[in-house]
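S.K.: would you be able to build a 3D model of this:
(4 chains)
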2 protein chains.
Amino acid sequence: MGRPAGGEPRYAQVAADLRAAIQAGDFGEGAQLPTENALCERYGISRFTVREALRRLQAEGLIRRRRGSGTIVASPDQVLRQPLSDVAELLQYAAESEFQFKDCGTITLSGPRAEELGVAGGSQWLHLTGLRRMSPGGAAVAVTEVYINPALAAHVPGLRPGPETLFQQLARAGGFRVRQVVQNISAMAAGNAEAAALGIARRAPVLRIVRVYSDENGRVVEISVSSHPGDRFTYSMHIDQ
Amino acid sequence: MGRPAGGEPRYAQVAADLRAAIQAGDFGEGAQLPTENALCERYGISRFTVREALRRLQAEGLIRRRRGSGTIVASPDQVLRQPLSDVAELLQYAAESEFQFKDCGTITLSGPRAEELGVAGGSQWLHLTGLRRMSPGGAAVAVTEVYINPALAAHVPGLRPGPETLFQQLARAGGFRVRQVVQNISAMAAGNAEAAALGIARRAPVLRIVRVYSDENGRVVEISVSSHPGDRFTYSMHIDQ
DNA sequence: GAGTGGTCTAGACCACGTG
DNA sequence: ACGTGGTCTAGACCACTCC
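M.R.: Below you'll find the model as predicted:
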């Protein structure tokens, strides 16, 4: 039957359970996962639901599947892997790194900057700035500018660093859901402020990732602009077929 | 019944049909697509198959879906959108741009370069170099180095620019299938050769995309290294939920 | 041949958006 | 209230891998 239980679909619960087991090393790297039928029995659910859960894990790059061979735990790859095919994966990345920020008041986004971000020129935004590290005290992997819709001003003082991303906290506090994230990646020369924050040379190449978060009505609720040093960050993706 | 017809799954045929209709403008931008049930009747297939087809189009960013509202044609966005969640989407991008290349013989990949690409040091590769433009005669959006497994040397002279990507042509000629693509994106300063080919300043920031194509046995069949001028290229993705 | 994941059917109930 | 897409069941046949 199509009951979503406590609000979360059953496949999401199963996916979370398997993800935790994989990351806890219960299966081991390269090890075989239980077959679909075994998972059906273990959780008492249909194959459809098991497959939906496994589909998510595969999209995250946690598992690899092959007809005839089975499902195996993927080898955790190289540098900084940041897969991306739905919002849940963005959260995964956020939970693995450390983010510190400070409130910078209100800012008006002007001509070229507004155009770059795809917002109306002259519009007002709440402005935060932050630094992301892969480990506490480690080298910064990103400096981030965050712009928040002023309609959400009341909830900004309650924002906390932690496993929850800013947009998750905003969504919960503001009573909306993030429905779409558009992400643009480009290469540019570091500006003075970025170079100073990251400890790199001026005009050094940086990877700039702009994310625009919109809610169900198409309202832009948050924009984040992250600049990553070219030599400390690689955006990694994989496609399996 | 589970018959894959002429080799291509039915949902892929339906997806291709709908994709063609959307791109031909049969529905118009922002227009409503037929409902799932309507598509079931039109194609004489089950809802499962219709949903699998729509799932692909949604991942490509061609449509947006919402419970209660229906399915609409997404507005074609900004600059150069290169979505990516399975191999089929890589092909889409390739078909929309123009790629010219020339054969440069054999090359040995040495220490740091080999490490960057994740191949054995001292291994030999066939080397091609190419230029990609969004329109014939237009400005170059990328300079590309291609390395091909020497075991496929016999098929290299048959490679042709066109709507089919190099790895598609290699797979067909070599009788294998590309099973995995790993893609790494980083920012770096342009080298002398890249700067000259792209007509940009030396040390200008470029977006470097390294793609490693592997077949079903994990054998690396092709590696492509594309360098995009920072000011002419943006890698764009979207996530809908 | 046995077992895997991939495709597909014909149903069902549900949450959500729009009237 | 109604129709939409989202979740879910219990089956089935198929292509593929491995023994």
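
S.K.: CA atoms for contacts and neighbours, from now on please.
M.R.: Fine.

S.K.: show me how chain A divides into domains.
M.R.: A:10-73, A:80-236 (automatic domain parsing).

S.K.: I'd like those as TSV, with mean pLDDT, mean neighbour count and distance to residue B:191 appended.
M.R.: As requested, the domains of chain A are exported to TSV (pLDDT from 0 to 100; neighbours: other C-alpha atoms under 10 Å in any protein chain shown; distance: least, C-alpha to C-alpha, whole Å):
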stretch	mean pLDDT	mean neighbour count	distance to residue B:191
domain A:10-73	89	16	32
domain A:80-236	80	18	12
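
S.K.: quick one, which of those domains is nearest to residue B:63?
M.R.: Taking C-alpha to C-alpha, domain A:80-236 is the member of those nearest to residue B:63, at 12.6 Å.

S.K.: is DNA strand D contacted by the closest one?
M.R.: No. Counting by C-alpha under 7 Å from any atom of the strand, DNA strand D has no neighbours in domain A:80-236; the shortest distance is 11.0 Å.

S.K.: and for stretch A:34-47?
M.R.: Yes. Applying C-alpha under 7 Å from any atom of the strand, one finds stretch A:34-47 in contact with DNA strand D at A:44, A:45, A:46, A:47.

S.K.: now for residue A:159: which residues touch it?
M.R.: Contact analysis of residue A:159 by C-alpha atoms under 8 Å, 6 or more residues apart in numbering or on different chains lists A:166, A:169, A:170.

S.K.: I'd like to know how far the most far-flung residue of chain A relative to its centre sits from residue B:146.
M.R.: Note on chain A: the largest separation between a C-alpha and the mean C-alpha position, by C-alpha atoms, centre = their mean, falls on residue A:68 (32.7 Å). Residue A:68 is 32 Å from residue B:146, where distance means C-alpha to C-alpha, to the nearest Å.

S.K.: likewise residue A:141?
M.R.: Applying C-alpha to C-alpha to residue A:141 and residue B:146 gives a distance of 30 Å.

S.K.: likewise residue A:108?
M.R.: Per C-alpha to C-alpha, residue A:108 is found 45 Å from residue B:146.

S.K.: same deal with residue A:16?
M.R.: When distance is defined by C-alpha to C-alpha, residue A:16 is 39 Å away from residue B:146.

S.K.: quick revisit: give me the phi and psi angles of the residue farthest from the centre of chain A.
M.R.: phi 90, psi -30 (degrees, to the nearest 10).

S.K.: could you do residue A:114 as well?
M.R.: Dihedral angles phi and psi of residue A:114 (degrees, to the nearest 10) take the values phi -60, psi -40.

S.K.: name the nearest residue to it, sequence neighbours excluded.
M.R.: residue A:121 (5.3 Å; C-alpha to C-alpha, 6 or more residues apart in numbering or on different chains).

S.K.: dump stretch A:47-56 to CSV, keeping only the CA atoms.
M.R.: This file holds the C-alpha atoms of stretch A:47-56, laid out as CSV (Å, rounded to 0.1, in the frame of the first residue of the first chain):
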residue,chain,number,x,y,z
ARG,A,47,11.1,-5.2,-4.8
PHE,A,48,10.0,-1.8,-6.1
THR,A,49,10.7,-0.1,-2.8
VAL,A,50,14.1,-1.8,-2.5
ARG,A,51,15.1,-0.8,-6.0
GLU,A,52,14.1,2.8,-5.3
ALA,A,53,16.3,2.8,-2.2
LEU,A,54,19.2,1.3,-4.1
ARG,A,55,18.7,3.8,-7.0
ARG,A,56,19.4,6.6,-4.6
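
S.K.: tell me the gap between it and the middle of its chain.
M.R.: Using C-alpha atoms, centre = their mean, to the nearest Å, the mean C-alpha position of stretch A:47-56 is found 22 Å from that of the whole chain.
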